[in-house]
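Enquirer: Predicted model and sequence follow; I will ask about them next.
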Amino acid sequence: MLAAAFVLLVTVLAVAGQLFTPADPDKQSLLDAAKGPSSGHLLGTDDLGRDVLSRLMQGTLSAVSGPVCVALGTMVLGTALGLLAGYYGGRVDALVTLLSDVLYSLPFMLIAIVVVGVVGTGYWLTVALLIALMFPFALRLVRSATRVQSRLPYVEAARTLGVPDRRVVTHHVLPNVSPIIVANILLDFVTAIIAFSALTFLGLGSRAGSSDWGTMLADGQKLIYDNPWMAIVPALLIALTCISATVLGDWFYDRLSARSEER
Amino acid sequence: MGLVGFIARRAAFSLLLLLIVSFLVFGLTAAAPGSQLTALLGGRPPTPEQVAALNEQYHLNDPFFQQYGRWLINAVQLDFGTSSVAGVSVTQQIGQYLPITAQLAAMALVLSLIVSVPAGLFAGIGRGGKLDRTVSLLTVGGMSSPPYAVGILLIFVLGVKLSVLPVYGAGEGGGDRFVHLILPAITLTIGLAAIVARQTRASTLTVMQQDYITFARARGLSPRRILVVYALRNSALPVVTSAGLLLISLISGAVLVEQVFSLPGLGQLIVSSVQQADLPVIQGVTMVLALVVILTNFAVELLSLLIDPRTRYAAKG
Amino acid sequence: MKPFPLRRGAMLLVVAGLTLTACAGSSDGPQKPSNTTIPEFTFSLPTLAKSMDMTSGADVATAGIPAATTQFLEAATLSGYKPVLAEKTSTPDPTTIVYDLRPEVKFSDGSDLAPADVVWSFKHAQRAKASNASLIKSVESVTETGPMQVTVKLSKPDPSARFNIADTSVPIMQATFGEAHPDDLGTPDAVPIGTGPYVATSVTPSKISMTRNPHYWGTKPAPDKLNFVVIGDDTKAQLAVRSGEVQGTRVSDLRTFDQWKKITGATTYAAPQMMMDFYGFDTRKAPFDDVHFRRAVAYSIDRKGLVQAGFGGQASLLQSLAPLETVRGSAPSAEEADTFLDSLPQYDLDPAKAKAELAQSKYATYDGEVKIQFVAEIPWSKLVALNLQENLKALGIRSSVETYTYSDWLDAFYSGEMKTPTPMFFTTTPDAGSISYPIDPSSGYNFSHFASERTDAALGDLTSDKSWDAAKTILTELADQVPYVPLFQEKTVFVLSKGYVYTQKVTALDFQTGAYLDYLRPAK
């Protein structure tokens, strides 16, 4: 419940947060830089004297939009290839498995650091990179679930009845593997949000096109004795968002898989 | 014969993987041609003679495949060239930084196995109970907390407020090193233990539903015996087979944790090399880490072949 | 002709000024130095030297480590030169430097320092891979001209050459050992043999330990044992200084200055640095080809506020496109230098003037987007970029802020593909010759591509006896035409924990040349 409420809060902040900021998030006041909380600034100010609370609210959208895109992209790619490989098997399967094996044998975070650091990508290219690195995990999940499904008698039956493959996949196999897919979206979202903020933390944020909470955490860490809220609040926001999304993901999985068992 | 063939196929596959990885890793050079020269110049305005000399010495103007071929031949002999920044051989540098990462990883691995295998096991046996729910909640927290945030938190609580443990650096000598690695290892363990606990719990659940457990219970065997003899042994297999996955998350976590605790390990080496565009070091470290992962995966496959006869049938079939 | 326009008289005045302001705040009153030794002293730095051979990957941030073991012919200071391995240095003509070596100097292995070692060290520092080779590219030949004398011939008058030789470019190492290790000199297995007060006993990526050099020729510094450890950022370094695990450090991000001052018993030492921070415009590109537009932008940076926000107050405003010491070093007297600087137009935040200049420019209604660069690793540049963006908004100019990493920035800089405006930060030398860097087409540093008849004519005079007039002409023209906006001159801040003092202010140059160890004392 709490998790759902928090995810809702973050969603609301992302959509409408910029409209309700208590102060102008861009307004600078250099002589009031990095001050602790006061009546005018509930969470104090950052290194340019800007209101931390307002900036956190404004930054929500860019903090979650990238990870959401990564999660959706991973899902689409992972599901499509996973269904394909799991359902048809054979050569397609072998090729897709090889691809995922390559990416599976690389430490994901390490590759993200190296590629972002050496090639230097922008925000959307980082999103694409994360999708490319993460979809093999989704693919494996969907593939094995599909394989189980496609060997079940009802799929055989549908095939013998001359139902086209595409229809079998979309109408029979997909609904049954969907709990895994849905739960996985939220988990991918968590991985992506951690990856984004980790890149920023390592000082590669500029190359990755920084997500705002991550940048604020990295900046705030240096001035933690001047205004601790500058680091603690974004860190908490990131952690709570991740935990809530994971809890919600697990809950979805349990609910949906229970339902499909009943069926 | 089928068995030997299977092993040979897997070995060939691992080699192929290595080759693909090496190509991708070296391909980065092509993606950032200017930076290598800048790194070699160390941030000073170049003289034309210097540029020419460096281009010649490092073959920077050769065609891509020629450069790749030369690099690959050397890499096979574990020679990754010299660091553009430090002018030291990359292999030597890796040799210097590797021990800390290895020690950190080993400590975190042992720690997380000690904590999470029993936790996952008991949670799985008592499905839905209080313990199960607590463990599940903790694993969710552990899996979704950014490691650097955990590290910073630990530094402030244990290092600053209570000042019981050293918070930076690697220390010297066995005992001192051990004490210095406690906090980083705990930080790394939190994420890792969550994965292991989840895995153990899931496989315990499966095992507990098996007929032979029901049968053992019906035979009146003591719960402890069931646990040790059947559940633990049978649920260990999935954990062992996921060693590759564990290793990957261990390496990814170590990169961040080393940064938080100023530990001079491979993670810190690669991050600083990335910041300085020191391509030979980046390529060397990435290759070595990929090699470790691929070898581990290969070893795990062989191991599970020995442990579980069912996979042997699969191999033949 | 005066070969090296470093006038001794002017220098002495600067030294007096420095000593008066030495020793910044300590939280519980000044501690007195004692003359006893320190059993063990640990210094923390954000990174350790990647090589113990300073010519491989030399880096001003870590140079103090190898500088404890290898020394230079002379030590550059903000106010001239201190003799080290050369007892006497003379410059009979603009292209000759003669070093008379100190007799009876021994390397740490007991062998004697000979001219051959110096000649080899020059050759080593000039090899293509040496990181500072380009700084001493005017050195044409180095020859042994006496039993204890070495003569350096320059290909053209180069006032900065002597400074660079004395800075970090040519550390003197034992030739025999160096020749025996052509490939691995500087690695833990082949630490160069030098004449410094310490010898390295262990070199690891996390810690470098040193003990006294038994054959050291000079006055021994206080620590018996000396360690260098890595601590990545200021926050953790503060913890280490608080707990006493580390006794000395250098502040890496000046924004944290106030946090350092709060540490009980610790003393901070701030000294000016031969470095200038500024923003540059590519004057070939619209809209920066218009002087009024450039001035409008220059009037839109809150320099004074940024000294506080970006440096915790530990920087001074650049009054011209040269550090104060350079201008004073070029002028006949410090007073004359200061009077001249006060006469130059200054660009501080002034929305009214910015508006007026914009109205006069041919881009009065500019509807393009100004792309402001900053470098991720340079904290002040980000603050300047964001501040400029905010103030341009008030002028009705649209702008975006773009990040570079330091290595990308270098790439773009040397390939000439840099966008504009961009931050720049140079360490420089205290002679008039260095004023030419940002506008001399051959220096490799002329990012603005700015040229005018007046500056072109004056450039050649910078190394002649008309150097002060030439310097004034160039600095006046630069202040009027603003191809660059002079911003800050950062300070170097060292911190010592309770129980230790510096007997005088420690500059970045003192760190690079190893002098920072000589000033260290235990407190009484």
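Expert: It's in.
Enquirer: Just the pLDDT for C:Phe4.
Expert: For C:Phe4, the model assigns a pLDDT of 27.
Enquirer: what do you get for B:Arg219?
Expert: pLDDT at B:Arg219 comes out at 76.
Enquirer: pLDDT weak spots in chain C?
Expert: Within chain C, the ranges that satisfy pLDDT under 70 run C:1-30, C:57-58.
Enquirer: And the residue nearest the centre of it?
Expert: With distances taken as Cα atoms, centre = their mean, chain C has C:Thr427 as the residue nearest its mean C-alpha position (3.8 Å).
Enquirer: contacting residues around that one?
Expert: Each residue near C:Thr427 by Cβ atoms under 8 Å, 6 or more residues apart in numbering or on different chains is listed here: C:60, C:273-275, C:508. C-beta coordinates here come from the backbone N, C-alpha and C atoms, glycine included.
Enquirer: what about 7 Å?
Expert: By Cβ atoms under 7 Å, 6 or more residues apart in numbering or on different chains, the contact set of C:Thr427 is C:60, C:274-275.
Enquirer: which of these lies closest to C:Met210?
Expert: Nearest to C:Met210 out of these is C:Val60 (Cβ to Cβ; 20.0 Å).
Enquirer: give me phi/psi at the closest one?
Expert: Main-chain torsions, C:Val60, degrees, to the nearest 10: phi -60, psi -30.
Enquirer: for the one 4 residues further on, same thing?
Expert: Note on C:Gly64: its backbone torsions stand at phi -60, psi -20 [degrees, to the nearest 10].
Enquirer: Work out for me the element the nearest residue to it once chain neighbours are set aside sits within.
Expert: Distances taken as Cβ to Cβ, 6 or more residues apart in numbering or on different chains place C:Phe511 nearest to C:Gly64, at 4.3 Å, with adjacent residues excluded. Per DSSP states H and E, C:Phe511 falls inside helix C:508-513.
Enquirer: what's in contact with that helix?
Expert: C:60, C:63-64, C:67, C:72, C:75-78, C:167-168, C:250, C:273-274, C:492, C:516.
Enquirer: roughly how far apart are B:Ala53 and C:Ala133?
Expert: B:Ala53 sits 10 Å away from C:Ala133 when distances are taken as Cβ to Cβ, to the nearest Å.
Enquirer: Who has more neighbours out of the two?
Expert: C:Ala133 (23 against 16; other Cβ atoms under 10 Å in any protein chain shown).
Enquirer: burial of the closest residue to that one other than its chain neighbours, as a residue count?
Expert: Distance criterion Cβ to Cβ, 6+ apart; nearest residue to C:Ala133, sequence neighbours excluded, is C:Gln126 at 5.5 Å. Residues near C:Gln126, counting by other Cβ under 10 Å, number 18.
Enquirer: thinking again about what came up before, for the residue nearest to the centre of chain C, list each beta-bridge partner.
Expert: As for beta bridges, C:Thr427 partners with C:Met275 under DSSP bridges.
Enquirer: how much space between it and B:Pro264?
Expert: Distance, C:Thr427 to B:Pro264, by Cβ to Cβ: 27 Å.
Enquirer: do the same with B:Arg201
Expert: From B:Arg201 to B:Pro264 the distance is 36 Å (Cβ to Cβ).
Enquirer: and what of B:Val292?
Expert: With Cβ to Cβ as the criterion, B:Val292 and B:Pro264 are 19 Å apart.
Enquirer: which one of the two has more residues nearby?
Expert: B:Pro264 (24 against 18).
Enquirer: so what's B:Ser136 up against?
Expert: Shown in contact with B:Ser136 (Cβ under 7 Å, 6+ apart): B:Ala123.
Enquirer: What ranges does the stretch 151-263 of chain A have for its helices?
Expert: Ranges of helices in the stretch 151-263 of chain A, per DSSP state H, counting those that start in this stretch, are A:153-160, A:165-168, A:174-199, A:205-208, A:212-222, A:229-262.
Enquirer: Chain A contacts on the stretch 151-300 of chain C?
Expert: C:233-235, C:253, C:255-256, C:258-259 (Cβ under 7 Å from any Cβ of the partner chain).
Enquirer: in the stretch 151-263 of chain A, what spans have low per-residue confidence?
Expert: A:205-211, A:257-263.
Enquirer: what about whatever residue of it ends up closest to chain B, neighbour count?
Expert: Chain B sits closest to A:Cys242 of the stretch 151-263 of chain A, with a gap of 3.5 Å, by Cβ to the nearest Cβ. Applying other Cβ under 10 Å, we find 27 residues neighbouring A:Cys242.
Enquirer: That one contacts A:Val190, correct?
Expert: Yes: between A:Cys242 and A:Val190 a contact is recorded at 4.5 Å, counting by Cβ atoms under 7 Å.
Enquirer: between these two, what contacts are shared?
Expert: B:Ser144.
Enquirer: What separation is there between the residue lying closest to C:Asp431 once chain neighbours are set aside and chain A?
Expert: Among residues not flanking C:Asp431 along the chain, C:Pro159 sits closest, at 4.3 Å (Cβ to Cβ, 6+ apart). The gap separating C:Pro159 from chain A is 37 Å, by Cβ to the nearest Cβ, to the nearest Å.
Enquirer: Distance from the chain centre to stretch A:164-177, please.
Expert: Distance of stretch A:164-177 from the chain centroid (Cα atoms, centre = their mean, to the nearest Å) equals 26 Å.
Enquirer: Is C:Ser160 within a helix or a strand, and which one?
Expert: Using DSSP H and E, C:Ser160 falls in helix C:159-164.
Enquirer: and residue 203, what does it touch?
Expert: Let's take chain A. With Cβ under 7 Å, 6+ apart, A:Gly203 has these contacts: B:275, C:376.
Enquirer: I was after chain C.
Expert: Going by Cβ under 7 Å, 6+ apart, C:Val203 touches C:52, C:188, C:191.
Enquirer: which residues does it bridge with?
Expert: C:Ile208.
Enquirer: In the stretch 51-200 of chain A, mark out all the strands, start to finish.
Expert: Assigned strands in the stretch 51-200 of chain A: none (criterion: DSSP state E, counting those that start in this stretch).
Enquirer: Around the single nearest residue of the stretch 401-524 of chain C relative to chain B, count how many other residues there are.
Expert: Closest to chain B within the stretch 401-524 of chain C is C:Gly444: 3.0 Å, counting by Cβ to the nearest Cβ. When neighbours are defined as other Cβ under 10 Å, C:Gly444 has 15 of them.
Enquirer: List phi and psi for it.
Expert: Backbone torsions of C:Gly444, given as degrees, to the nearest 10, read phi 80, psi 0.
Enquirer: any idea how far it lies from chain A?
Expert: For C:Gly444 relative to chain A (Cβ to the nearest Cβ), the value is 23 Å.
Enquirer: residue contacts, the closest residue in space to B:Thr101 that isn't next to it in sequence?
Expert: With Cβ to Cβ, 6+ apart as the criterion, B:Thr101 has its nearest non-adjacent residue at 3.6 Å, and that residue is B:Gly265. Contacts of B:Gly265 were listed using Cβ under 7 Å, 6+ apart, and they are B:97, B:100-101, B:104, B:254, B:258.
Enquirer: got these as a markdown table, with pLDDT and secondary structure columns?
Expert: Putting the contacts of B:Gly265 into a markdown table (pLDDT from 0 to 100; DSSP: H, G, I helix; E, B strand; the rest coil) gives the following:
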| residue | pLDDT | secondary structure |
| --- | --- | --- |
| B:Tyr97 | 89 | helix |
| B:Ile100 | 89 | helix |
| B:Thr101 | 91 | helix |
| B:Leu104 | 91 | helix |
| B:Ala254 | 88 | helix |
| B:Glu258 | 88 | helix |
